[in-house]
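A.B. asks: attaching a predicted model along with its sequence, questions to come.
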Amino acid sequence: MGRIDRLLAAMTLEEKIGQLNMVASSGAVTGPGAPRDVAEGIRAGRIGALLNLWGAGETRAVQRLAVQESRLGVPLLLGLDVIHGHRTIFPAPLAEACLFDPAAWEKTARAAAEEAALDGVAMTFAPMLDVARDPRWGRIVEGPGEDPWVASQIAAAKTRGFQGDDLSAADSLAAAAKHLGAYGAVTAGREYASADLSERTLHEVYLPPFAAAVAAGAAAIMPAFNDIAGVPTTANASLLQGWLRRRLGFDGVLISDYNAIAELIDHGVAGDVAEAAALALGAGVDIDMMGDAYARGLPEALRRGLVGMADIDASVRRVLALKERLGLFDDPFRRGAAGAGASGRRDSERRELARDVARRAIVLLTCARGALPLSPKIRRLALVGPLAAAPREMLGAWAAAGRAEEAVSIRQGLEAALPECRIDCAAGVDIGSGDTRGVAAAVDLCRDADAIVLCLGEAASMSGEAASRADLGLPGGQRALAEAVLDLGKPVVALLSSGRPLALPWLFARADAVLATWFLGVEAGHAVADVMTGKFNPTGKLPVTWPRCVGQAPIFYGQRPTGRPTKAGERYASGYLDLPATPQFFFGHGLSYSRFALDELRCVPGRVKAGESVEISVSVHNDSLAAGEATLFLFVRDLVASLARPILELKGVRRIALAAGARGRATWLLPVEALAFIGPNLEPVLEPGRFEIRVGQSADPAELLTGVVELAP
Ligand code: BGC
């Protein structure tokens, strides 16, 4: 008998359910309900997993209770939201998506895993893979943006990074990809609301990143809080058992979201906790995070015949198998073993990585000629706005073990980069209130400045979980401050720290340059300074379409065509009376101090069969005096199909570094199978016909080069 069989045979029902029970400790609060005193539960075998605890000493102490003081000595599974770094906080995921660089995505996950594992953590509730097309939804900041192809690349890179080559290694974390379903599609961007979407869109847009995580070996998956068309994901047997376990062959652990099993009662699909527990277990959910629903409900569900012991055993087996894969039975203390300060030299490497990724995450949204980089002649700079000297805010949501005192504010970054320059700083207003009494003094500070930097945006707490916003403007009195400063008529660069695109057409029209600086993490200030001074030529590209106005949400480039395509000046065409249908900035937009021109798009051969590939290439010319990096997007459009196919579908991205004046070619080898889609029967189909190949620097259709490939029958 193997270890798992032996343990299972020895366990009481209470101990089995204990293995399925994850409870929050007092380390951090990430949901409703008070953290519990967990010691007694661990000793009694009623708690098999904990979340929100880290630190070598703290984690060893609870692990000791489990392995030395519980009857069967089964080690605990310790999970934490290590979302964009652990102690070294990297840019928020949406910001990191702007790099379009799988190697970098993997590196930051690896670094986070190393740090978190040193702190005794064995599982991260990441990567967050919810495609999001509605910037009202606060959790858009935690994820990959709007595109399923990008999200799938991120899924694979992050899973590899967190888990490393060997899950049992002392520096590996189990990745719990979340939140399976269509959490990003909640109605009107309202947190925890229902999502109602077609099966086709679910399979085409929202599920591919999870398939990619499974293919990359993700150890766990977390279903989302919300329901899809009336079926809460936590109870969605056809999605979890059918699609995930049977179709994809996922045999890892399904872990509920925080209290989500008990909330099946509030969803109105379970009459009591026994029914809730039975629904979730029946759907294949193994671990109950903070719901206490399995502990309270499963014994009664067994009595009523709603679940069988075999179902409970199957879940316990999967949990024990994960603990085994993590090496916890062999050495429960291998993570957290090194103690504080053990990471030494690696700390500075991680800071360097954080700086590099942060500056590459910055998106130069607008830039009038000569506005940036800052002229070396500038002697006096005014730094104005509530985010100028706000180190904590730079970390963003889910900052895990990050520390405000270790974060570099924009002010500190610019001061370090411009020692010769006098920098005057004033908040002017705060983010939360509409109080504008500080505006006049801030404007005074700007009068003698050579240039002004406006540091505007959202507080970190305004995006992330439970942070939906109905308005995409600047909170508090910031607009009043910005307009008063702009009225001075001096050169103004605006930095937007935010977890989502903000609809600020007036700012884009008036400021000389605007940069999306998101939540860039511990190295935020240095990264901003690198870009503003020209030490780093910006390369970040938008992973989301940026609306002009909240009324355009949800907004994304991959629209289906309509019978009456958008046409300026045409009344009976798809659009709005009061606004253009086009966004403020297209998906993929992002300027640099270089200028790139594309030509000579080639698609060879022009006619292909299933099983073959097309070589697509384009010539790129750096038509400027600055060395830089271009990012090229490859889109396709299936011109005539059995279903209306999106106008653009992303199939590949290339980044190419070019010296001033240099030329290069970007090439893709596109397998014909990449042209398949979810057909009328919800199964993938490859339909012969003509496909447009479109290549450019963003999803702006007016700027894309076009070629054609024909797929022979
Ligand atoms: C969030 C999850 C998170 C969990 C644990 C929940 O409220 O939705 O993303 O992993 O809390 O902190």
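C.D. replies: Sure, I can see it. As the structure is a computational prediction, the values presented were derived from the model and not from experiment.

A.B. asks: give me every residue that touches Lys158.
C.D. replies: Taking Cβ atoms under 8 Å, 6 or more residues apart in numbering, we find Lys158 in contact with Trp105, Glu106, Ala109, Ala126, Pro127, Ala175, Ala213. C-betas here are computed from N, CA, C, even on glycine.

A.B. asks: do that again at 7 Å, thanks
C.D. replies: By Cβ atoms under 7 Å, 6 or more residues apart in numbering, Lys158 lies in contact with Trp105, Ala109, Ala126, Pro127, Ala175.

A.B. asks: for the residue of the stretch 201-350 of the chain found nearest the ligand, grab the count of nearby residues.
C.D. replies: Residue nearest to the ligand within the stretch 201-350 of the chain: Tyr258 (3.7 Å; Cβ to the nearest ligand atom). Using other Cβ atoms under 10 Å, Tyr258 has 22 other residues around it.

A.B. asks: same thing with Leu445?
C.D. replies: So Leu445, with other Cβ under 10 Å, has 18 neighbours.

A.B. asks: do the same with the one 4 residues further on
C.D. replies: The tally of other residues near Ala449 (other Cβ under 10 Å) stands at 23.

A.B. asks: hang on, isn't it packed against Arg379?
C.D. replies: No: using Cβ atoms under 7 Å, Ala449 makes no contact with Arg379, being 9.3 Å away.

A.B. asks: the residue of the stretch 601-713 of the chain found nearest the ligand pairs with what?
C.D. replies: The nearest approach of the stretch 601-713 of the chain to the ligand comes at Leu650, 25.9 Å away (Cβ to the nearest ligand atom). Counting by DSSP bridges, Leu650 forms beta bridges with Phe635.

A.B. asks: ok, it to Leu704 distance?
C.D. replies: Look at Leu650 and Leu704: by Cβ to Cβ, to the nearest Å, they are 12 Å apart.

A.B. asks: returning to what we had before: redo the contacts of Lys158 as JSON lines? Include neighbour count and pLDDT.
C.D. replies: Putting these into JSON lines (neighbours: other Cβ atoms under 10 Å; pLDDT from 0 to 100) gives the following:
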{"residue": "Trp105", "neighbour count": "26", "pLDDT": "98"}
{"residue": "Ala109", "neighbour count": "30", "pLDDT": "98"}
{"residue": "Ala126", "neighbour count": "29", "pLDDT": "98"}
{"residue": "Pro127", "neighbour count": "32", "pLDDT": "98"}
{"residue": "Ala175", "neighbour count": "30", "pLDDT": "98"}
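
A.B. asks: adding secondary structure, write the residues you listed out as a markdown table.
C.D. replies: Listed next are the contacts of Lys158 as a markdown table, based on DSSP: H, G, I helix; E, B strand; the rest coil:
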| residue | secondary structure |
| --- | --- |
| Trp105 | helix |
| Ala109 | helix |
| Ala126 | coil |
| Pro127 | coil |
| Ala175 | strand |
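
A.B. asks: closest one of the residues you listed to the ligand?
C.D. replies: Distance to the ligand, by Cβ to the nearest ligand atom, is smallest for Ala126 among the contacts of Lys158, at 7.9 Å.

A.B. asks: next one: the closest one relative to Gly85, how far apart?
C.D. replies: For Ala126, the distance to Gly85 - Cβ to Cβ - is 10 Å.

A.B. asks: cool, Lys178 as well?
C.D. replies: 17 Å.

A.B. asks: what's the answer for Arg690, then?
C.D. replies: Relative to Gly85, Arg690 is positioned 46 Å away (Cβ to Cβ).

A.B. asks: the more surrounded of those two?
C.D. replies: Gly85 (30 against 13).

A.B. asks: which non-adjacent residue is nearest the more buried one?
C.D. replies: Ala112 (4.9 Å; Cβ to Cβ, 6 or more residues apart in numbering).

A.B. asks: shouldn't the one you found be in contact with Val82?
C.D. replies: Yes: counting by Cβ under 7 Å, Val82 is a contact partner of Ala112 at 5.1 Å.

A.B. asks: so after the host helix or strand of the residue nearest to Gly85, what's the next helix or strand?
C.D. replies: Using DSSP states H and E, Ala112 sits within helix 102-118. Per DSSP H and E, the first helix or strand lying C-terminal to helix 102-118 is strand 123-124.

A.B. asks: wait, what's in contact with the most centrally placed residue in the chain?
C.D. replies: The structure's the chain has its C-alpha centroid closest to Gly143; by Cα atoms, centre = their mean the separation is 1.8 Å. By Cβ under 7 Å, 6+ apart, Gly143 lies in contact with Pro93, Leu94, Met128, Leu129, Asp130, Ala132, Gly184.

A.B. asks: return the member of these nearest to Gly661.
C.D. replies: Lowest distance from Gly661 to the contacts of Gly143 (Cβ to Cβ) belongs to Leu94, with 34.0 Å.

A.B. asks: which residue, other than its chain neighbours, is closest to that closest one?
C.D. replies: Val141 (4.9 Å).

A.B. asks: and the one you found, that one's in a helix?
C.D. replies: Yes: counting by three-state DSSP, Val141 is part of a helix.

A.B. asks: which ones are touching it?
C.D. replies: Ala92, Leu94, Gly396, Ala397, Ser463, Gly464, Gly499, Arg500.

A.B. asks: out of those residues, which is nearest to the ligand?
C.D. replies: Gly464 (9.3 Å).

A.B. asks: and the residue nearest to the closest one when sequence neighbours are not counted, how many neighbours does it have?
C.D. replies: Of all residues not flanking Gly464 in the chain, Ala397 sits nearest, at 2.7 Å (Cβ to Cβ, 6+ apart). A total of 24 residues lie near Ala397 under the criterion other Cβ under 10 Å.

A.B. asks: does Ala397 count as helix, strand or coil?
C.D. replies: coil.

A.B. asks: isn't it right next to Ala460, touching?
C.D. replies: Yes: assessed by Cβ under 7 Å, Ala397 is found in contact with Ala460 at 5.8 Å.

A.B. asks: which residues do the two both contact?
C.D. replies: Joint contacts of Ala397 and Ala460 (Cβ under 7 Å, 6+ apart) do not exist.

A.B. asks: ok so, going back, quick one, what contacts the residue nearest to Gly464?
C.D. replies: Ala92, Val141, Glu142, Ala460, Ser463, Gly464, Gly499.

A.B. asks: swap in Pro223?
C.D. replies: Counting by Cβ under 7 Å, 6+ apart, Pro223 has contacts His179, Leu180, Gly181, Thr233, Thr234, Leu240, Leu254, Ser256, Asp257, Val285.

A.B. asks: ok, the closest residue to it other than its chain neighbours - contacts?
C.D. replies: Closest residue to Pro223 apart from its sequence neighbours, by Cβ to Cβ, 6+ apart: Thr233 at 4.1 Å. Taking Cβ under 7 Å, 6+ apart, we find Thr233 in contact with Leu180, Gly181, Pro223, Ala224, Asn226, Asp227, Leu239.
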